[in-house]
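Chemist: Quick one: sequence plus predicted model below, questions after.
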Amino acid sequence: MMSPQELLEHFDKASLWSSSALSAPGFDLAAAYQQALAVRALRVARGEQPAGYKIGFTNRHIWQRYNVFAPIWGPVWRSSLYLCDGNGEIALDNTCQPRIEPEAVFCMRSTPPAGVTLEGLFHCLDWVAPGFEIVQSHQPEWKFAAPHAVADGALHASLLVGAGVPAHKLAGDAASLNKILSSARVTLTCGGRPVDQGTGANVLDGPLHALLHFLNELRACPGAPDLQAGDVVTTGTWTDAWPVAPGEQWKAAFDPPLADLTVRFT
């Protein structure tokens, strides 16, 4: 089994793992999260700053395709977070087998209290925005089990976030916000060509539900840092994840209240 340092070297070099890299007996989700936290500690020690979290595999429609049947989570970094007004650019250097995912992104106004409900979580939100998460896999042909995806940085490469809207300007309570976001649709295009469509309900019945599920899982993981004010959390793709390449331009046309988002890859 690879050490945390070896994992980090693969991230830095964008190099594929061998098929036996994490084949040690007993390497389950609990072990994978501890491995991922060890990699996180190495990145912090060399000066990288966490910016929040990503939640993956909240879209049940893609579970069978990727052989992962429950959500996973991992860190987002200041160095992997890009903010824009609706048009962004991302370099794919040092990204391994990149794919694109249109998502809803939350920013936290405060740390949720223990035992928080969906309604309580709503009152801890600052804003919600459209996002593109660029995901990657260091495992050949995107073939993995859930523990391997967790150890692989939860497949996070970068996150582009568009213009945010204050959550409390959109809705007065959690149920209203969830209804707005879960019923919203997105059309994903590349170079003006339609590629896929999805809806906010695909992610555990709505992005706010995905956020609450993640928070409970985060707090059940020994050693995992809690959510903090200012953290961003991207809540999972509304469509499938699609391969991308330098020179391409992709657009996510969201229903209101999320604005459209465009990214060009270099």
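Modeler: Yes, it's here. Bear in mind that the values here come from a model prediction, so they are computed numbers and not experimental data.
Chemist: Leaving out chain neighbours, which residue sits closest to His213?
Modeler: Leu204 (5.8 Å; CB to CB, 6 or more residues apart in numbering). In short, each C-beta sits where N, CA and C put it, glycine included.
Chemist: I'd like the distance between that neighbour and Asn87.
Modeler: Leu204 is 29 Å from Asn87, where distance means CB to CB, to the nearest Å.
Chemist: OK, contacts around the residue nearest to His213?
Modeler: Thr58, Arg60, Pro71, Ala210, His213, Gly236 (CB atoms under 8 Å, 6 or more residues apart in numbering).
Chemist: Of these, just say which sits nearest to Pro4.
Modeler: Closest approach to Pro4 among the contacts of Leu204 (CB to CB): Pro71, at 22.8 Å.
Chemist: my guess is Thr58 contacts Gly236, does it?
Modeler: Yes - between Thr58 and Gly236 there is a contact under CB atoms under 8 Å: 3.1 Å.
Chemist: picking up where we left off before, which among the contacts of Leu204 count as buried?
Modeler: Thr58, Pro71, Ala210, His213, Gly236 (16 or more other CB atoms under 10 Å).
Chemist: gap between stretch 73-93 and the chain center?
Modeler: 11 Å (CA atoms, centre = their mean, to the nearest Å).
Chemist: Disregarding residues adjacent in the polypeptide, which is nearest to Arg78?
Modeler: Here the residue nearest Arg78, using CB to CB, 6+ apart, is Gln49, at 4.2 Å.
Chemist: how about Val203, what does it touch?
Modeler: Thr58, Asn59, Glu103, Ala104, His209, Ala210, Thr235, Gly236, Thr237, Trp238.
Chemist: start to end distance for stretch 81-97?
Modeler: Distance between the boundary residues of stretch 81-97 (CA to CA, to the nearest Å) amounts to 19 Å.
Chemist: make that stretch 104-120, sorry
Modeler: End residues of stretch 104-120 are separated by 19 Å (CA to CA).
Chemist: pLDDT averaged over that stretch, what's the number?
Modeler: The average of the pLDDT scores along stretch 104-120 is 98.
Chemist: so which of the contacts of Val203 comes closest to Trp127?
Modeler: When those are compared against Trp127 (criterion: CB to CB), the nearest one is Ala104, at 10.9 Å.
Chemist: How many residues are close by the closest residue to that closest one other than its chain neighbours?
Modeler: Of all residues beyond its chain neighbours, the one nearest Ala104 is Pro207 (4.2 Å), with distances taken as CB to CB, 6+ apart. A count of nearby residues for Pro207, using other CB atoms under 10 Å, gives 30.
Chemist: how much space between Pro207 and Thr111?
Modeler: Counting by CB to CB, the gap from Pro207 to Thr111 is 19 Å.
Chemist: cool, Ser18 as well?
Modeler: Relative to Thr111, and taking CB to CB, Ser18 is found at 40 Å.
Chemist: between these two, who's got more neighbours?
Modeler: Neighbours around Ser18 and Thr111, counted as other CB under 10 Å, are more numerous at Thr111. The numbers are 14 against 10.
Chemist: counting contacts, what elements does the helix or strand encompassing Val105 pack onto?
Modeler: If you go by DSSP states H and E, Val105 is part of strand 99-108. Judged by 3 or more CB pairs under 8 Å, 6 or more residues apart in numbering; DSSP states H and E, the packing partners of strand 99-108 are strand 125-135, strand 185-190, helix 207-219, strand 232-234, strand 242-243, strand 249-254.
Chemist: Make a markdown table out of these and add mean pLDDT and distance to Leu81.
Modeler: Below are the helices and strands packed on strand 99-108 laid out as a markdown table (pLDDT from 0 to 100; distance: least, CB to CB, whole Å):
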| stretch | mean pLDDT | distance to Leu81 |
| --- | --- | --- |
| strand 125-135 | 98 | 10 |
| strand 185-190 | 98 | 21 |
| helix 207-219 | 98 | 17 |
| strand 232-234 | 98 | 7 |
| strand 242-243 | 98 | 21 |
| strand 249-254 | 98 | 17 |
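Chemist: Done for today, thanks.
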